[in-house]
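Q: sequence and predicted structure, then a few things I'm wondering about:
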Amino acid sequence: MNHHLKRGLATAFLLAACAVQAQDLQRLGKDLTPVGAEKAGNADGSIPAWSGGLTQPPAGFDRSKGYADPYAGEKPLYVVTAANAAQYAALLAPGQLEMLKRYPESYKLRVFPTHRSAAHPDWYPEVVKRDAAKARLAENGGVQNVAGAPTVPFPIPTLGVQVIENHKLRYRVDSVQMNVSVGAVQANGAFTPIRWNYELDFAGRMPDAEPNRIFYFKQQTLSPSNAAGESTLMWETIDTTQEPRSVWTYNPGQRRVLRAPDVGYDSPYFNVDGLATIDDSDMFAGATDRYEWKLVGKKEMLISYNNYALASKQLKYADVIKAGHINQDLTRYEKHRVWVVEATLKPGARHIYGKRVFYVDEDTWQVAHVDQYDMRGGLWRVHEGHAIHYYDLPGTWYALDTQYDLQARRYFFSYLGNEDKVATFNRPKSRANYSPDSLRRVN
């Protein structure tokens with residue numbers, strides 16, 4: 001087929017696929033939530049109807065002490081173990097089943113009543129409607145015709161890549177400054193937390209952001225001492241065909257800010273001993289052009305949700321991080337509907353993952369679970385995002401992010417913050433806070 005004709009047909013297909021959802025935007029806020037989830041519960045009532053989400057803190061909430069658990073009095077409905085996994089297999093991903101098999105004595109899923117706690121700020125539904133009416137996929141990755149992020153460009157998706165773009169641009173918070181730890185856990189449970197000062201502002205909520213930005217991000221390493229002072233600055237872009245992400249690094253030994261080339265795809269993630277890639281961050285981030293994306297459909301699944309106990313400031317890191325996997329006595333699983341998206345590496349494209357299967361929560365567009373396969377088709381890494389809802393904002397993000405390497409029998413963690421102060425949310429900073437020169441000023 002003529003190259004130009006083939007390209008034209010591909011472009012026409014993308015435009016047509018995007019236009020389908022524009023015809024149904026009037027459903028938002030009616031039978032669909034303002035971001036595109038089904039409002040109704042499921043047939044047996046185990047998934048309730050969405051009624052606006054959780055927007056009020058529990059009685060006695062003191063933010064300085066961490067996020068109080070509004071569901072603290074609940075007991076598990078049942079516990080999925082290696083012994084009874086077959087009974088619940090339809091609600092589990094292959095990676096969850098494999099973790100139960102690998103760690104039959106300690107890995108389990110404590111399943112609690114489902115709470116559709118996800119909620120968004122009052123201004124968000126209008127932003128979603130505005131952007132969804134004109135959003136288009138860029139031919140080689142990214143989104144066009146949206147004013148900024150956060151947003152949901154494709155609330156009624158027809159393509160797998162649209163679901164992933166919704167995840168990338170979704171609402172979490174306006175801005176955040178927090179201290180968190182990342183690190184690699186050895187097979188015996190040993191770990192050294194790498195402590196970061198982490199700042200992030202979403203461009204759509206900043207007073208002077210540039211076009212084509214999802215967010216601005218800056219990270220400074222605080223400890224251990226041999227890495228203290230190392231810093232990274234990132235500008236994440238919406239349309240990656242127009243402009244790839246920009247990254248700068250600062251090395252205190254050299255006292256120089258350097259532009260970092262090609263920080264994306266399967267480049268190693270910072271400080272986790274090769275156990276994750278750059279596009280593993282936030283469960284998935286960055287360009288989508290190296291994969292073919294298939295929308296498998298929607299299913300009910302047990303996913304990690306409302307993890308207030310896991311995020312408790314009463315815990316030490318050693319209470320959470322254990323040999324083989326995190327302390328599953330602290331996690332909370334609920335039944336939710338998820339979009340299932342399968343990504344297969346394109347012929348001739350390079351990436352360490354040959355296939356990836358994503359399970360994306362319908363209420364938040366946040367990836368809850370990913371199974372990562374090697375080039376031979378074997379299940380290699382199991383990635384879990386442990387969600388928490390910040391009811392006082394409101395917004396949903398991760399209490400913890402873990403990826404288990406089944407071959408190495410090690411894992412990495414990020415967003416770990418039990419031993420640090422509560423994050424500061426929604427105090428937007430100007431663009432000057434995210435200039436390359438700002439890396440020198442913080443050191």
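A: Thanks, I have the structure now. None of the values given here were measured: they were computed from a predicted structure.

Q: excluding chain neighbours, what is closest to Val80?
A: By the measure of CB to CB, 6 or more residues apart in numbering, the closest residue to Val80 outside its immediate chain neighbours is Leu109, 4.1 Å from it. Just so you know, the C-beta spots here come from the backbone N, C-alpha and C atoms, and that holds for glycine as well.

Q: from Gly41, how far off is that neighbour?
A: Going from Leu109 to Gly41 by CB to CB, to the nearest Å gives 21 Å.

Q: neighbour count: those two, which is higher?
A: Neighbour count, other CB atoms under 10 Å: between Leu109 and Gly41, Leu109 has more, with 23 against 16.

Q: isn't the residue nearest to Val80 right next to Met99, touching?
A: No. Taking contacts as CB atoms under 8 Å, Leu109 lies outside contact range of Met99: 9.2 Å.

Q: each with direction, which strands does the helix or strand where Trp248 lies pair with?
A: According to DSSP states H and E, Trp248 maps onto strand 246-251. Partners of strand 246-251 in the sheet, by DSSP bridges, are strand 231-237 (antiparallel), strand 256-259 (antiparallel).

Q: flag every buried residue along that strand.
A: For strand 246-251, burial by neighbour count (16 or more other CB atoms under 10 Å) applies to Ser246, Val247, Trp248, Thr249, Tyr250.

Q: can you give me the helices in the chain?
A: In the chain, helices defined by DSSP state H lie at 3-22, 94-102, 124-132, 160-169, 317-320, 436-441, listed in chain order.

Q: ok, back up a step: distance to Ala135, mean pLDDT and mean neighbour count for the strands paired with strand 246-251 - can I get that in CSV?
A: Listed next are those as CSV, based on distance: least, CB to CB, whole Å; pLDDT from 0 to 100; neighbours: other CB atoms under 10 Å:
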stretch, distance to Ala135, mean pLDDT, mean neighbour count
strand 231-237, 15, 96, 23
strand 256-259, 30, 93, 13
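
Q: TSV for the ones you listed, including distance to Trp380?
A: Listed next are the strands paired with strand 246-251 as TSV, based on distance: least, CB to CB, whole Å:
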stretch	distance to Trp380
strand 231-237	26
strand 256-259	32
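
Q: between these, which one is nearest to Val320?
A: With CB to CB as the measure, strand 231-237 is the member of those nearest Val320 (24.6 Å).

Q: tell me the angle the closest one makes with helix 160-169.
A: Angle, strand 231-237 to helix 160-169, by axes from the mean of the first three to the mean of the last three CA atoms, to 10 degrees: 130 degrees.

Q: got a list of contacts for strand 231-237?
A: Contacts with strand 231-237, where a contact means CB atoms under 8 Å, 6 or more residues apart in numbering, come from 142, 210, 212-221, 243-250, 260, 263, 270, 285-286, 434, 436, 438-439, 442-443.

Q: one more pass at 7 Å, please.
A: Strand 231-237 is contacted from outside by 142, 212-220, 243-250, 270, 434, 436, 439, 442-443, using CB atoms under 7 Å, 6 or more residues apart in numbering.

Q: can I get that strand as PDB, trimmed to CA atoms?
A: C-alpha atoms of strand 231-237 as PDB (Å, rounded to 0.1, in the frame of the first residue of the first chain):
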ATOM      1  CA  SER A 231      18.400  16.400  41.600                       C
ATOM      2  CA  THR A 232      16.200  15.900  38.600                       C
ATOM      3  CA  LEU A 233      13.900  18.200  36.800                       C
ATOM      4  CA  MET A 234      11.200  17.100  34.300                       C
ATOM      5  CA  TRP A 235       8.700  18.700  32.000                       C
ATOM      6  CA  GLU A 236       6.100  16.100  31.000                       C
ATOM      7  CA  THR A 237       4.400  16.800  27.700                       C
END
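
Q: that one: how far from the chain's middle?
A: How far strand 231-237 lies from its chain's middle: 17 Å, per CA atoms, centre = their mean, to the nearest Å.

Q: wait, Leu25 touches Arg130, no?
A: No. Assessed by CB atoms under 7 Å, Leu25 is found out of contact with Arg130, at 10.0 Å.

Q: more neighbours: those two, which one.
A: Leu25 (17 against 14).

Q: contact partners for the more buried one?
A: Leu25 sits next to Lys129, Ala132, Ala133 when contact means CB under 7 Å, 6+ apart.

Q: count the neighbours of the second one for me.
A: To tie it back to what came earlier, the one meant is Ala132. 24.

Q: need the contact list for the closest residue to it other than its chain neighbours.
A: Among residues not flanking Ala132 along the chain, Pro155 sits closest, at 5.3 Å (CB to CB, 6+ apart). Residues near Pro155 by CB under 7 Å, 6+ apart: Gln21, Leu28, Val35, Gly36, Val128, Ala132.

Q: what's the neighbour count on the closest residue to Asn145 other than its chain neighbours?
A: Closest residue to Asn145 apart from its sequence neighbours, by CB to CB, 6+ apart: Lys134 at 4.5 Å. By other CB under 10 Å, 13 other residues sit near Lys134.

Q: what does the one 10 residues further on give?
A: Neighbouring residues of Gln144 were enumerated by other CB under 10 Å; the total is 17.

Q: the residue nearest the centre of the chain: what's it in contact with?
A: Geometric centre of the chain, nearest residue: Asp282, 3.7 Å, by CA atoms, centre = their mean. Listed by CB under 7 Å, 6+ apart, Asp282 has no contact partners.

Q: can you do 10 Å?
A: 167-168, 170, 172, 215, 236, 366-367, 385, 397-398, 401, 414-415 (CB atoms under 10 Å, 6 or more residues apart in numbering).

Q: let me know the closest of the residues you listed to Gly377.
A: The nearest one, if we look at the contacts of Asp282 relative to Gly377 and count by CB to CB, is Val367, at 21.5 Å.

Q: that closest one pairs with what?
A: Residues in beta-bridge contact with Val367 (DSSP bridges): Val360.

Q: ok, now His336?
A: Beta-bridge partners, per DSSP bridges, of His336: Met301.

Q: and it, how far from Lys129?
A: Taken as CB to CB, the span from His336 to Lys129 is 24 Å.

Q: what do you get for Ser64?
A: From Ser64 across to Lys129, the span is 36 Å (CB to CB).

Q: these two: which has the busier surroundings?
A: Taking neighbours as other CB under 10 Å, Ser64 and Lys129 compare with Lys129 leading, 17 against 7.

Q: pretty sure that one sits against Pro34.
A: Yes. Using CB atoms under 10 Å, Lys129 is in contact with Pro34, at 8.1 Å.

Q: if I look at those two, which residues touch both of them?
A: What both Lys129 and Pro34 touch, as defined by CB under 10 Å, 6+ apart, is the set Leu28, Val152, Pro155.

Q: check the gap between the residue nearest to Lys313 when sequence neighbours are not counted and Ala399 for me.
A: Among residues not flanking Lys313 along the chain, Gly66 sits closest, at 3.8 Å (CB to CB, 6+ apart). Using CB to CB, Gly66 is found at 11 Å from Ala399.

Q: who has more neighbours, these two?
A: Neighbour tally, Gly66 and Ala399, criterion other CB under 10 Å: the higher count belongs to Ala399, 27 against 18.
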